[in-house]
Structures are given as C-alpha cells and as structure tokens.
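Chemist: the following comprises the amino acid sequence and a computationally predicted model.
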Amino acid sequence: MGEADGVTIASAEPATSPLSLTGLRELFFAPRRFFSHGWQLNQSTQVQLAAWIVGMAYRIDPLDYKLAADGRAIGNLLFFWLDVLLNGMINGFLLWYLTGWWYRKRLEWAAVPVRPDPQFVRVVNTWQNFVFAAPTVLYWVVLTIIFRNDYEAQPYAAIWKVMPMLFFTLSCFTSYVAVKTAFRVSRGHAAFWFVALPLIVFAIPFVLDWLR
C-alpha cells in the first residue's frame, strides 16, 4: 500500500477497466475493491463517458419525457433524447468541475490530512455519481423502448419516484466507501459529509412537496 496526495493506492491491485463487467460489478456490489484501484480508475475515455452519462441523468426531466411520450410521435421522443445527449455533454463538463470542486471541499472539511489531487477527486466523484446516473438513464431508455406513450407507462408511475431516491441513496453509500478507501477520512466525517448531508439536501424538495 502507498499514499500520495491524500490518495491511498493499492499498488498490488491488478489494472481494471472501470466500465468492464468486472469493473461495474465491483462498483455496484464491491465498491471498496473498486476504489482500491486508485489512479488506475483515471482512464480518460471511460471517465469521460461516465461523466457524460452523469450529465444525461441530471438533464432528464420526467415532465419533458411525459410531454414527448404524450405526443405519440417518434419524432418527439427522438428530439427528447437528442436534447438529453447534447445537454448531457454540457452538463457532464460543468458537473465535472463544479461537483468535483464541491467534493474536494467536503474532503477538506472532513479533515483529510493531505490536500487531495483535484484530478483524482473528480475521478472518484464521477464514479460514485455514475452509480446514480447509469441506472437512471438506463431506466428511461427502457421506458422509451417498451411503452409507446405515457398513458401505457402510468401503472409504473410510482417506480419513477422511487428509482431516483433508491439509486441516489446507493450512490451516497458508495461515496462513503470511496472516501474511506481512497482517502484518509474518519468514519464519522465520511458519514456526515458524504451520506447524511447529501441525503438531507436531496430530501428537502420531497418534504416540501409533501407539506403542500
């Protein structure tokens, strides 16, 4: 084991491709092993693709999808997905820097003893966000393929509300494991800054909507 720039590097770990079946299985089901690969996760093409998918997930608006599907025209859904793909690139670029900066600030507030490398922080942040983003995008792709319009998809409407909460929660716990594995962060600090705080912020709109 070695440490550099606040990053714990498992030098004995074999190289892994993050988007391979093995890499994805580790990310979703064995995140400690996934993030123990350290700088090997910084494979530019795959990180960029992951960032793009994260940007797409943040662009998808269920209301936009409903309007496109209600149009009962392939052209409407095609425009919807073109919008998601193109704006996903822009979002991915912005989120790479903005949420990467926020992730690093939380690491600093979590009392990481050595200032972490900004590039590696963004890589870790992107992969933990991917846990939320990939299932979200895949879910909407499946909806587009299976249902011809929004009316047919109505029996599954409840799932639309549960899915984001489920996978966002999973990404928070993945983030907790990530910072514990890749950085020297105490359990209490990691739990507050990377699980409790994001979940509270994420839950606020749902609570306000429920109180109306």
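Modeler: Thanks, I have the structure now.
Chemist: the longest helix belonging to the chain: which residues count as buried?
Modeler: Secondary structure assigned by DSSP state H gives helix 74-109 as the longest helix of the chain. When neighbours are counted by 16 or more other CB atoms under 10 Å, the buried residues of helix 74-109 are found to be 76-77, 80-81, 84, 88, 91-92, 95-96, 99-100, 103-104, 106-107. Heads up, the C-betas are built off the backbone N, CA and C, glycines and all.
Chemist: same for that helix, what does it pack against?
Modeler: Judged by 3 or more CB pairs under 8 Å, 6 or more residues apart in numbering; DSSP states H and E, helix 74-109 is in contact with helix 44-59, helix 62-70, helix 118-146.
Chemist: can those go into JSON lines with extra columns for mean neighbour count and mean pLDDT?
Modeler: Supplementary listing: these in JSON lines, determined by neighbours: other CB atoms under 10 Å; pLDDT from 0 to 100:
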{"stretch": "helix 44-59", "mean neighbour count": "20", "mean pLDDT": "95"}
{"stretch": "helix 62-70", "mean neighbour count": "16", "mean pLDDT": "71"}
{"stretch": "helix 118-146", "mean neighbour count": "20", "mean pLDDT": "92"}
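Chemist: of all the ones you listed, which one is nearest residue 184?
Modeler: Relative to residue 184, the nearest member of those by CB to CB is helix 118-146, separated by 13.4 Å.
Chemist: just the angle for that closest one relative to helix 44-59, thanks.
Modeler: Using axes from the mean of the first three to the mean of the last three CA atoms, to 10 degrees, the interaxial angle of helix 118-146 with respect to helix 44-59 works out to 60 degrees.
Chemist: hmm, back to that, quick one: which of the helices and strands packed on helix 74-109 is nearest residue 205?
Modeler: Using CB to CB as the measure, helix 62-70 is the one of these that comes nearest residue 205, at 13.3 Å.
Chemist: give me the angle between the closest one and helix 118-146.
Modeler: Here helix 62-70 runs at 30 degrees with respect to helix 118-146, directions being taken by the same axes, to 10 degrees.
Chemist: elements contacting helix 62-70?
Modeler: Taking 3+ CB pairs under 8 Å, 6+ apart as the contact cut, helix 62-70 packs with helix 74-109, helix 150-153.
Chemist: hmm, back to that, tell me the one among the buried residues of helix 74-109 nearest to residue 44.
Modeler: When the buried residues of helix 74-109 are compared for distance to residue 44, the smallest value, 11.9 Å, is given by residue 96; criterion: CB to CB.
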